[in-house]
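Participant: Dropping a prediction and its sequence here:
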Amino acid sequence: MQDVADLAVIGGGAAGLACAAAACRAGLDVVVLERTDRCGNKLAVTGGGKGNFTHAESPRAMAGRFDCDPRLIMPLLRKFPYQNIIQFFSSLGIEARIDGDGCVWPRGTDASGIRDALLREIATSGGSVKTGSRVTGLEPGWRIRMADGSTAARNVCLATGGASYPRTGSTGDGLALCRSLGLKTVDWFPALASLKTKDDLSELAGVTQPRVDMTLLVAGDEPRVADGHFIFAHAHVSGSSVLNLCGYAARGLAAGKTVVLRVNWVPDRRASDLADEFAAGRTKHPKKQLGTFLGAFVARRLAVRLCAMAGVPAERILAELTRAEQESIVRQLASTEFLIVGTEPMDRATVTGGGVSLDEVDLKTMRARRFPGLYFAGEVLDVWAETGGYNLHFAWATGIMAAESVAAGLGHDPNRPEQFGHVPASA
């Protein structure tokens, strides 16, 4: 007779490995079913391969980074503040380093080291990892159909990820499994990706600005704001500031709405400050060309483009600049607008939006509301966050929460201090 695992984790990415490691520690019989030939492929490239795995921020502040009602996610984040996640990985031999921006990195190792530590924990705790196992169907009970046979488990955690970086195994298959059960889902869309402008900006490729303030204007929606660095690529605009607004732009475009990106290139200066600097420039360097003068605020190539957008020749000397021309230039520095017509392709997105509707899930336990024994973790859920370690934090928290819930349901004690190291959370 075939052995029936306590928990089958479908997907060997960040959320699935965290779920499996935590469940193994709780004494459960666990099997991980991973469709590729190696677990954690996408995890291994996180943060440029360096592995920004959470963010040093309070649960309340972190909740505001997610694309959902903060009240929905607060209980999960209060139970798993960043200190809890750091302690969990410390118990796996991964120590943390917090940088000046609050990003948390593994000390002395990288993203691959995080993956390997999770896999070691699963192996040493008696879990099983089966690679090359593509799941094709689920039957409540739980019978798991695979391309080369089937298996059974008392509980299932779906941690199949999103649809970005398909070469790493994130092909979006989890949505088909969920739809076969009649679960409510939202189609995938790029949530963290570069944006495509209507105007050709290819002459600016390679130009970067270290910090800008941005506002995304989607017709009929509340404006969205972000700050961070900005990059001109050959066919897109990118950078952390752009990525953090992409999901809202993608949804607006899908709905046929007009989407405009407004950029303030000089967020540390008010209009009056700029007027004073122009006045000082005319006094000290009256023969200086406008394009050269603007190089003190933005990259030279961008300065020339802004002059063109303002309708003022970049060769105009400051002494001959009219008041109207100066006002036009100041408006461009503080409020350049780009019409957005698309995003990078889904397979190039860092994170995808869409997935299983949160209406189907109890986020306090990660249980499916309508299917006993079914749990969810990570990017397969219809929620995403900004860059900076938040999406991985969600993967760990949901994976461990699912493991604890399964353990409690089977009569195991999921909260022994030596297992997960829970830390009381402040707001």
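Facilitator: Thanks, I have the structure now. Numbers count the residues shown, from 1 in each chain.

Participant: Dihedrals phi and psi, the closest residue in space to residue 162 that isn't next to it in sequence?
Facilitator: Setting aside the residues directly before and after it, residue 162 is nearest to residue 352 in space (Cβ to Cβ, 6 or more residues apart in numbering), at 3.4 Å. For every residue, glycine as well, the C-beta is placed using N, CA and C. Backbone torsions for residue 352, taken as degrees, to the nearest 10, come to phi -110, psi 150.

Participant: Bridge partners for residue 352, pull those for me.
Facilitator: Assessed by DSSP bridges, residue 352 has beta-bridge partners residue 190.

Participant: ok, for residue 15, nearest residue in space, not its chain neighbours?
Facilitator: Using Cβ to Cβ, 6+ apart, the nearest residue to residue 15 is residue 378, at 2.7 Å.

Participant: Help me confirm that that neighbour comes into contact with residue 398.
Facilitator: Yes - look at residue 378 against residue 398 with Cβ atoms under 8 Å: they come within range, at 5.8 Å.

Participant: what's the overlap in contacts for the two?
Facilitator: Each of residue 15 lies in contact with both residue 378 and residue 398 under the rule Cβ atoms under 8 Å, 6 or more residues apart in numbering.

Participant: can you map out the helices along the stretch 251-400 of the chain?
Facilitator: 271-284, 290-294, 300-310, 323-334, 390-409 (DSSP state H, counting those that start in this stretch).

Participant: Can you list the buried residues in the first one?
Facilitator: Taking 16 or more other Cβ atoms under 10 Å as the basis for neighbour counts, the residues of helix 271-284 that come out buried are 274, 277-278, 281-282.

Participant: If we ignore the residues flanking it in sequence, what's nearest residue 120?
Facilitator: Per Cβ to Cβ, 6+ apart, closest to residue 120 is residue 92, 7.6 Å.

Participant: can you count the residues close to that neighbour?
Facilitator: Neighbourhood size, residue 92 [other Cβ atoms under 10 Å]: 17.

Participant: Over to residue 143?
Facilitator: Neighbours of residue 143 using other Cβ under 10 Å come to 13.

Participant: Where does the nearest residue to it once chain neighbours are set aside fall, secondary structure wise?
Facilitator: If you skip the residues right next to it in sequence, residue 143 has residue 152 as its closest partner in space, 5.5 Å away by Cβ to Cβ, 6+ apart. For residue 152, the element it lies in under DSSP states H and E is strand 149-158.

Participant: Determine the set of other helices and strands touching that strand.
Facilitator: strand 5-10, strand 30-33, strand 143-146, helix 173-180, strand 374-376, helix 390-409 (3 or more Cβ pairs under 8 Å, 6 or more residues apart in numbering; DSSP states H and E).

Participant: what helices or strands is the host helix or strand of residue 216 leaning on?
Facilitator: According to DSSP H and E, residue 216 maps onto strand 208-218. Judged by 3+ Cβ pairs under 8 Å, 6+ apart, the packing partners of strand 208-218 are strand 224-232, helix 240-254, strand 259-264.

Participant: Is the residue nearest to residue 120 in contact with residue 117, as I believe?
Facilitator: Yes - counting by Cβ under 8 Å, residue 117 is a contact partner of residue 92 at 4.3 Å.

Participant: Quick one: low-confidence residue ranges for this protein.
Facilitator: Across the chain, the ranges flagged by pLDDT under 70 are 1-2, 165-166, 168-170, 413-427.

Participant: Break it into its domains for me.
Facilitator: Domains of the chain are assigned by automatic domain parsing as 5-190+349-420, 194-343.

Participant: For the shortest one, measure first residue to last.
Facilitator: Right, the one you point to is domain 194-343. 6 Å (Cα to Cα, to the nearest Å).

Participant: can you give me how far that domain is from the chain middle?
Facilitator: The chain centroid and the centroid of domain 194-343 are separated by 25 Å, computed with Cα atoms, centre = their mean, to the nearest Å.

Participant: most packed of the domains of the chain?
Facilitator: domain 5-190+349-420 (a mean of 21; mean count of other Cβ atoms under 10 Å).

Participant: Sweet, I'm off.
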